[in-house]
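# Return a 3D structure for these sequence lines:
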Amino acid sequence: MEGWGRRAALAWLVFAGSAGGAELTALRAESTAGGTTVRLVLSQPVRAAVHDVGLASGAVARIYVDLPRGTALGRGVRRVATVGGPVTTVRIGRGERGIVRIVVDLGDVAGYRVQRSARGRELLLAVASPPRDVPRAEPPARVATRAGEPHRPKVVIDPGHGGHDPGAQGYAVEKDVTLAIARRLAALLEERLGAETLLTRTDDTTLSLSDRTARANSEGADLFVSIHANANPTGRLHGIETYYLDNAADHATSRLAAMENGLDLLRPRGEGSDLRYILSDLVQVGKMDESIALARAVQRAVVATTRSRYPYVTDLGVKRGPFYVLVGAYMPCVLVETSFLTHPMEGRRLARDEYQATLAEGIASGVARFLADARRARTL
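Reported below is the predicted structural model:
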């Protein structure tokens, strides 16, 4: 989370139990040379989501922090405070389902960033004042400044596995199937949407999971779509499912995540990578709504497209899971499990060009729907 941004919908995530017994013990706003720092002090680590409300210009009007239901307010914590500088007021109230909400109203700001203490008990919002005597920057390139000038979307497509990591194997090999679908998907997005597409790998190359999202971030991508094929030891399971990143998952999802996380989980994960997992989840919680919307659009479109041409297509739905390949992405991202390689019918389909083309068409339709919905939302 280095650097500043005019819009940075982020969230802070610390692994802990329930919020029972947690207390907001202090809320302070401190003026600094570059702006204002709002500091939240808690009695214990909890999960807290940080979101912002933007203007059409791309500027941030308000930041709000949601603490989990059950968090208590300590004695002496002020409900309203007038600050000054880039932060005008700080207010505490109750949001939906009884959550504690801290609202930070902003004046003229250059951006903000989110930090947490090493022990996870403090959350800091550092809000920067605009530079003096310097014209304010134009809105980010990805915000359309005029009607009729849509942003050309940039989509990073990740063919799962590759090289020394073959992925799942059945009636075909996962790394071969995912690359074939990814190539077709890229062509469709370019042709139909005028999108700029990038593949994390274009051949049978071994690529670490962290490098895949790092590529998407470095390219400033709007979307990240990771393509995979499923497997099951019994060979009985079949269907299509789409995932977004969330560490809370059921046993079956955790087993699938362990399989897809593959080579990276075979390596020791030290303190640095664990911290990266926490902080990247922090980013993803901020993009959670968009990732869920993207997952739903893709899942609906892929199922509808395949059902129109093939019988017995099972919709396994949209799910959440701790997929490491999605960790660290700063944009809406999903992982599509296209079908089961180990199923007698689906596995044979996945090995065929026609079915691969159908899956690519479905994913492209889902991406197109998501982008169209997002454009409409911005113009309402």
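# how's this protein carved up into domains?
The chain resolves into domains spanning 11-128, 154-379 when parsed by automatic domain parsing.
# max-length strand in the protein?
For the chain, the strand reaching the highest residue count under DSSP state E is reported as strand 23-32.
# List the neighbouring strands of whichever helix or strand comes after that strand plus their orientation.
Remark: after strand 23-32, the chain's next helix or strand is strand 35-42, criterion DSSP states H and E. Here strand 35-42 is paired, per DSSP bridges, with strand 23-32 (antiparallel), strand 122-128 (antiparallel).
# Most tightly packed of the ones you listed?
Highest mean neighbour count among those (mean count of other C-beta atoms under 10 Å): strand 122-128, with a mean of 20. Where C-beta positions appear, they are placed from N, C-alpha and C, glycine not excepted.
# mind checking how far Arg78 is from Arg62?
For Arg78, the distance to Arg62 equals 18 Å [C-beta to C-beta, to the nearest Å].
# What of Val38?
Val38 is 12 Å from Arg62, by C-beta to C-beta.
# for Pro153, same thing?
Using C-beta to C-beta, Pro153 is found at 27 Å from Arg62.
# ok, the two, which is more surrounded?
Pro153 (21 against 16; other C-beta atoms under 10 Å).
# With adjacent residues omitted, what lies nearest to Val318?
By the measure of C-beta to C-beta, 6 or more residues apart in numbering, the closest residue to Val318 outside its immediate chain neighbours is Ala295, 4.6 Å from it.
# I'd guess that neighbour is in a helix, am I close?
Yes. Using DSSP: H, G, I helix; E, B strand; the rest coil, the assignment for Ala295 is a helix.
# how about it, what does it touch?
With contact set as C-beta atoms under 8 Å, 6 or more residues apart in numbering, Ala295 has these partners: 242-244, 318, 334.
# can you check Gln356 too?
Taking C-beta under 8 Å, 6+ apart as the test, what Gln356 contacts is 177, 180-181, 184, 350.
# Check Ala81 too.
Ala81 makes contacts with 27, 29, 89-91, as judged by C-beta under 8 Å, 6+ apart.
# What of Ile63?
Counted by C-beta under 8 Å, 6+ apart, Ile63 has contacts 50-53, 103-104, 106, 112, 125, 127.
# Sort out which of the residues you listed are buried, if you could.
By the neighbour-count criterion of 16 or more other C-beta atoms under 10 Å, the contacts of Ile63 include these buried positions: 50-52, 103-104, 106, 112, 125, 127.
# Tabulate those in TSV, adding columns for distance to Ile363 and secondary structure.
Formatted as TSV, the buried ones among the contacts of Ile63 follow (distance: C-beta to C-beta, whole Å; DSSP: H, G, I helix; E, B strand; the rest coil):
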residue	distance to Ile363	secondary structure
Val50	31	strand
His51	28	strand
Asp52	30	strand
Val103	38	strand
Val104	38	strand
Leu106	38	strand
Tyr112	34	strand
Leu125	37	strand
Val127	39	strand
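# What is the nearest of those residues to Gly362?
Nearest to Gly362 among those: His51, at 31.0 Å, using C-beta to C-beta.
# partner residues bridging the closest one?
Tyr64.
# Test my guess that it contacts Tyr64.
Yes. His51 is in contact with Tyr64 according to C-beta atoms under 8 Å; the separation is 5.8 Å.
# about what we covered before: now do the shared contacts for Val38 and Arg62.
The contact sets of Val38 and Arg62 overlap at Val104 (C-beta under 8 Å, 6+ apart).
# which residue packs closest to Ala216, ignoring adjacent ones?
Leaving aside its sequence neighbours, Ala216 sits nearest to Val156 (C-beta to C-beta, 6+ apart; 4.0 Å).
# Now the element after the host helix or strand of the one you found, going C-ward?
Val156 is part of strand 154-159 when elements are defined by DSSP H and E. Next in sequence after strand 154-159, counting helices and strands by DSSP H and E, comes helix 174-193.
# now for that next one, which elements pack on it?
strand 154-159, strand 196-199, strand 223-230, strand 333-340, helix 353-379 (3 or more C-beta pairs under 8 Å, 6 or more residues apart in numbering; DSSP states H and E).
# which stretch in the ones you listed has the least confidence?
Note on those: helix 353-379 shows the lowest mean pLDDT, a mean of 89.
# can you pull the buried residues of that one?
So helix 353-379, judged by 16+ other C-beta under 10 Å, has buried residues 355-371, 374.
# any low-confidence regions in the stretch 101-250 of the chain?
118, 131-151, 209, 246-250 (pLDDT under 70).
# just to revisit the earlier point, turn the contacts of Ala81 into CSV, columns for distance to Leu198 and pLDDT.
Shown next, in CSV, are the contacts of Ala81 (distance: C-beta to C-beta, whole Å; pLDDT from 0 to 100):
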residue, distance to Leu198, pLDDT
Leu27, 43, 87
Ala29, 42, 85
Thr89, 43, 84
Val90, 41, 86
Arg91, 43, 85
